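S.K.: could you work out the structure for the sequence below:
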Amino acid sequence: MELNSINQLIAKYNEQDKAIVTSAYEYAANALKFKTRENGNSFMEHPMGVAAIVSNEIGLMADAVTAVFLHEGSRGQEGEEEKMVGKYSNEIINMVHGLNKISGIDIKETKLNEEIYR
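M.R.: As a prediction, the model looks like this:
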């Protein structure tokens, strides 16, 4: 995604929120720079789309948008959440942890192992 797109996404936030969302965006862009979607486009299309929904359609705060980018950048990479401590709030890290946990759910197995996901 172009920098212009992230600037449009964060335009409504205060300077502190802009900085934290931009930091998470850069983290995800770096982590996903070689990853592409099935259509050949950059994988960053996905987190940008989700972030736009979270921010513009649902109206959640900058922390939730930050968590979207951090989740996508850290998904499937052991130890990445621990590296976020001190850089991001506990609330953001908890959201990332929850999103990473949810993304690991196998729908077919959920009923069999529902206690694991509580």
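S.K.: from residue 96, how far out is residue 14?
M.R.: 22 Å (C-beta to C-beta, to the nearest Å). Heads up, the C-betas are built off the backbone N, CA and C, glycines and all.
S.K.: okay, those two: which has more neighbours?
M.R.: Neighbours around residue 14 and residue 96, counted as other C-beta atoms under 10 Å, are more numerous at residue 96. The numbers are 25 against 9.
S.K.: what helix or strand is the residue positioned nearest the centre of the chain on?
M.R.: The structure's the chain has its C-alpha centroid closest to residue 68; by C-alpha atoms, centre = their mean the separation is 2.0 Å. Of the helices and strands defined by DSSP states H and E, residue 68 is found in helix 62-74.
S.K.: same for the helix or strand following that helix, what does it pack against?
M.R.: Following the chain from helix 62-74 toward its C-terminal end, the next helix or strand by DSSP H and E is helix 80-84. Under the contact criterion of 3 or more C-beta pairs under 8 Å, 6 or more residues apart in numbering; DSSP states H and E, helix 80-84 touches helix 62-74, helix 90-103.
S.K.: what's near enough to touch the residue nearest to the centre of the chain?
M.R.: With contact set as C-beta atoms under 8 Å, 6 or more residues apart in numbering, residue 68 has these partners: 24, 47, 50-51, 54, 99.
S.K.: please apply the same query to residue 24.
M.R.: 65-70, 73, 88.
S.K.: possible to save the contacts of residue 68 as CSV with distance to residue 10 and pLDDT?
M.R.: CSV is the format used below for these (distance: C-beta to C-beta, whole Å; pLDDT from 0 to 100):
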residue, distance to residue 10, pLDDT
24, 10, 97
47, 14, 94
50, 15, 95
51, 9, 96
54, 12, 95
99, 19, 93
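S.K.: among the residues you listed, who's most crowded?
M.R.: Comparing these on neighbour count, residue 24 comes out first with 29 neighbours (neighbours: other C-beta under 10 Å).
S.K.: which element, helix or strand, includes it?
M.R.: According to DSSP H and E, residue 24 maps onto helix 15-31.
S.K.: buried ones in that helix?
M.R.: Taking 16 or more other C-beta atoms under 10 Å as the basis for neighbour counts, the residues of helix 15-31 that come out buried are 17-18, 20-22, 24-25, 27-29, 31.
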